[in-house]
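Student: Turn this into a model:
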Amino acid sequence: MISGILFLDKPLGWTSRRAVNEVIRLFTPAGSKKIKAGHTGTLDPLATGMLPILLGEATRFAEMGLNAEKSYEVTFDLSYQTDSLDCEGEVKSRFETGVNEEQLKAAVEYFVSEQDQIPPLFSAIRVDGKRAHEIARAGNSVEMKARRVTIHNIDLLQFTFPLVTLRVSCSKGTYIRSLARDVGARLGMGGCVTALRRLSTGGWPETLMVSMDDLAERRDGCIMPLSQWLRDLPELSLSVEEGRRFLQGQRIQVNDKMEGKVQVSSGQCLLGTAELKPGLNRMVLHPSRILPSAQEKLL
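Tutor: Next up is the predicted model:
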C-alpha cells in the first residue's frame, strides 16, 4: 500500500489537478485500482514550484499543508494590468510613467503586515457554489470578499523598470497576484504577474522538490513517510495493548503532561493522530484519525 508525501516541482502550464492525475498514473500498477492522492494547496497553471502531493492514507492529513505558511518568488510588470492579474489575461490598462527604487521599496514595505486582501476574480474561490473564475469567464460580475492574511516578509530581489522581482513569505490564503496588483496600485501603476514560483510550504526546503522526470526514474525514492509530514505534532508511544485499544477508537488514560494534538505510535508503527485532554486524574488520549494500515497490522 502506497502512503506518504512527495513534493512535486509543478511544471509550468499544468493545473494542480493535472499534476495529481499524472502522479496517480505513475504510481498505479497496470490493471489495478487507482491510488488515492490529493494536493495541499492549488498552484495556478502559470506558477511552478512546490506542490505537496499526499498519497494513500496521507490524504487524511491534507489540512496540515493547506494551513501552512508559504514562500514565493514572483516577477510582475508595473506597466500594465489584466483582468486575471497575470500575463495570461486580457489587458485592461497600461501605464507609461515610471518609478524609482526608493518609491518601490516604500510601496512594498507597506504590505508587510496583517491585512485584508481581496482575492483575484480569476481564482478557484467558490461564490454561491461556483468557482469565481467560471463566473468571470461567463461574463458575469462577482463581488470578491476580502480575506485576512499576513505577509511576514518581502525581499526585493531585482528591479529594472517595469519588471519587479520579489521573494515573499506569507500566511495561508494569500494571493501573490493580489499582492502584485496592490503594490502596483499603491504606485499608481499596474502589477501584472509574469512569473511565479512557490519556494516552500510549511517550511519544507526547496531541496525536497522533485520533477516529473525524477518521479519516472525513482518513484518510491521520492516519497517521504507520513510520520515526517506530521513532524510538528509531538509523538506519543503506546504499548501494543494500548495501541490495539487506540485502533478500536477507545480513549486511553496516559501518564503524560502534554496537552493538544499528537501523533500516536506503537513501536515502529504509526497508528494515527489524537488529542490529549485533561481527565479527572490523568491525561486522556482521544483518537482523531486512525490509520487502516495500522489496524491491519495490530488488530
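
Student: Please make it C-alpha for all contacts and neighbour counts, starting now.
Tutor: Noted.

Student: And for L280, the neighbour number?
Tutor: 7 (other C-alpha atoms under 10 Å).

Student: Likewise for N21?
Tutor: Neighbour tally, N21, other C-alpha under 10 Å: 15.

Student: Let's verify the spatially most central residue of the chain: helix, strand, or coil?
Tutor: Per C-alpha atoms, centre = their mean, the C-alpha nearest to the average position across the chain is that of G41, at 3.6 Å. What DSSP: H, G, I helix; E, B strand; the rest coil gives for G41 is coil.

Student: so how far is S237 from it?
Tutor: 31 Å (C-alpha to C-alpha, to the nearest Å).

Student: And E101, by the same measure?
Tutor: E101 is 55 Å from S237, by C-alpha to C-alpha.

Student: Please identify which of these two sits among more neighbours.
Tutor: When E101 and S237 are compared for neighbours, S237 comes out ahead with 17 against 14, by other C-alpha under 10 Å.

Student: Which residue ranges of the stretch 101-250 of the chain form strands?
Tutor: For the stretch 101-250 of the chain, applying DSSP state E, counting those that start in this stretch gives strands covering 114-117, 126-127, 130-131, 147-160, 163-170, 192-201, 235-237.

Student: Each with direction, which strands does the second one pair with?
Tutor: Strand 126-127 has these partner strands in its sheet, going by DSSP bridges: strand 130-131 (antiparallel).

Student: quick one: the strand it pairs with to chain centroid distance?
Tutor: Counting by C-alpha atoms, centre = their mean, to the nearest Å, strand 130-131 is centred 20 Å from the centre of its parent chain.

Student: and if you look at stretch 266-281?
Tutor: 27 Å.

Student: quick one: buried residues of that stretch?
Tutor: Neighbour counts over stretch 266-281 (16 or more other C-alpha atoms under 10 Å) mark S266, C269, L270, L271, G272, T273, A274, E275, L276, K277 as buried.

Student: in the sheet, who's paired with the fifth one?
Tutor: Bridge pairing for G272 (DSSP bridges) gives the partners V264, I290.

Student: Tally up the residues packed near Y110, please.
Tutor: Neighbours of Y110 (other C-alpha under 10 Å): 10.

Student: returning to that earlier point: so of the strands of the stretch 101-250 of the chain, which one's packed in deepest?
Tutor: Mean neighbours per residue, mean count of other C-alpha atoms under 10 Å, is largest over the strands of the stretch 101-250 of the chain for strand 192-201, with a mean of 23.

Student: hang on, the earlier thing: quick one: which two of the buried residues of stretch 266-281 are the most distant?
Tutor: By the measure C-alpha to C-alpha, C269 and K277 form the most distant pair in the buried residues of stretch 266-281, at 23.0 Å.

Student: quick one: secondary structure of A294?
Tutor: helix.

Student: In contact with it, which residues?
Tutor: Taking C-alpha atoms under 8 Å, 6 or more residues apart in numbering, we find A294 in contact with L247, C269, L270, L271.

Student: One more pass at 10 Å, please.
Tutor: By C-alpha atoms under 10 Å, 6 or more residues apart in numbering, the contact list for A294 reads G243, R244, L247, S265, S266, C269, L270, L271, G272.

Student: same thing with S293?
Tutor: Residues counted as contacts of S293 (C-alpha under 10 Å, 6+ apart) are M1, S3, E57, C269, L270, L271, G272.

Student: For these, which two are the farthest from each other?
Tutor: Every pair of the contacts of S293 checked by C-alpha to C-alpha; the farthest is M1 and G272, at 16.0 Å.

Student: Can you give the distance of stretch 231-245 from its chain's centre?
Tutor: 27 Å.

Student: rewinding a little: I'd say the residue nearest to the centre of the chain and G173 touch.
Tutor: Yes - assessed by C-alpha atoms under 10 Å, G41 is found in contact with G173 at 9.2 Å.

Student: which residues do these two both contact?
Tutor: L66, N67, A68.

Student: Buried ones among those?
Tutor: For these, buried by 16+ other C-alpha under 10 Å: L66, A68.

Student: Now intersect the shared contacts of G41 and G173 with the helices, please.
Tutor: Among the shared contacts of G41 and G173, the members falling in helices (DSSP state H) are L66.

Student: Make CSV out of the shared contacts of G41 and G173 and add pLDDT.
Tutor: Formatted as CSV, the shared contacts of G41 and G173 follow (pLDDT from 0 to 100):
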residue, pLDDT
L66, 81
N67, 84
A68, 90
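
Student: Looking at strand pairing, list the partners for the nearest residue to I154 once chain neighbours are set aside.
Tutor: Setting aside the residues directly before and after it, I154 is nearest to V168 in space (C-alpha to C-alpha, 6 or more residues apart in numbering), at 4.6 Å. When bridges are called by DSSP bridges, V168 pairs up with Y72, I154.
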